[in-house]
Each structure stands twice: as C-alpha cells, then as structure tokens.
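S.K.: this one's sequence-less:
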C-alpha cells in the first residue's frame, strides 16, 4: 500500500509517499520532495507499478484545481482501479480527506502501530519526524517548530490504506509485530 501526502501550495511543505508491505507493515520505499504535482503523480505511479500495483491512498487536499492535480494525473496514468475512493457508488472523488474529523483517527493508527511495535520505519528522516510530532498547547497533533509532518501524514494514510484492504479480522488487515 502507498500513502501519499501532497504539498499543494503550502509554503515550506513537502510531498511524501510511503510504500508499506501489507503483510509485514515494513516500509519498502519512500519518495519525498517538492516536485510539481503532475511530476509527483508520475513518480507515484512508477513506484505503484514497481511495487506490484500498490493500492494508493492519496490525500484529497486543496481546491479542485491545484490540490487535485496529482490525483487527476494518477487517474490519467491508469491508477484508477488502485486509488482509494471514499464512496464510489455515490460518485465520490478519489483521495482521503485529512480534515479536522478524520485526521486524529488516522494519526491514532500510526501512534498505536508505533507504540505496539507493529510497523517497521526504514527512513531515518521518517523516524525523526515521528519523534518531532507532538500535541501542541491546544492539544492538536503537529510537528514541532522547524520540523515537517509530511512523512507522518504519509504513514497515516498508508496505515488507513492497510485498514481499508480486505483481510484480517472484520475485513481489516491485521498488522503483526515486525519491528526489530
């Protein structure tokens, strides 16, 4: 599975994609940087192809124009059947909304997996971002000043993708203890 956090105009923000093996919850690839969103889509699609057509959970971010460019490009490239859609029967668009309501839930998935030693993070920078991701004075989870949260959010989307796929208990993927 692949979680993709997109930087759609936020100054200083990065885009990040994290590929996680659905059987072991081990990170097998990562892309991180500030490419144009159409280029990000091409790189994500190439990685999707290299990793056995990985299921992609991209962030639904921004407006219809700039923020959705990466998702539209992924569809054009042929990833349509491998993208997360909120409710395809109702004609909803692809991508996971990381707004105020679902954000704590998906971040909780990462927190539980890290605390339970059920994931393997191979990126040194990813580990650093996780260490620098805390609750602010108002209780909102965010990166401490001077750090980013792009890898954390990509992991959160990947964890939600693992939960979305069939298998394990109740149709959810069971993530085993694989941290070494």
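M.R.: Okay, I see it. None of the values given here were measured: they were computed from a predicted structure.
S.K.: Sort out which residues of stretch 133-150 are buried, please.
M.R.: Of all the residues in stretch 133-150, those buried under the rule 16 or more other C-beta atoms under 10 Å are 133, 141, 143, 148, 149, 150. Where you see a C-beta, it was placed from the backbone N, CA and C, and this is true even at glycine.
S.K.: and the least confident of those residues?
M.R.: Minimum pLDDT for the buried residues of stretch 133-150 is recorded at residue 141 (79).
S.K.: residues contacting that residue?
M.R.: 103, 104, 107, 133, 134, 135 (C-beta atoms under 8 Å, 6 or more residues apart in numbering).
S.K.: how near is it to residue 160?
M.R.: Distance of residue 141 to residue 160, computed by C-beta to C-beta, to the nearest Å: 15 Å.
S.K.: Give me the nearest residue to residue 104, chain neighbours excluded.
M.R.: With sequence-adjacent residues excluded and distances taken as C-beta to C-beta, 6 or more residues apart in numbering, residue 104 is closest to residue 141, at 7.1 Å.
S.K.: next one: residue 122
M.R.: Closest residue to residue 122 apart from its sequence neighbours, by C-beta to C-beta, 6+ apart: residue 27 at 4.3 Å.
S.K.: do residue 153 as well
M.R.: residue 5 (4.0 Å).
S.K.: Tell me who's in contact with the one you found.
M.R.: Counting by C-beta under 8 Å, 6+ apart, residue 5 touches 15, 16, 17, 59, 98, 150, 151, 153, 154, 157.
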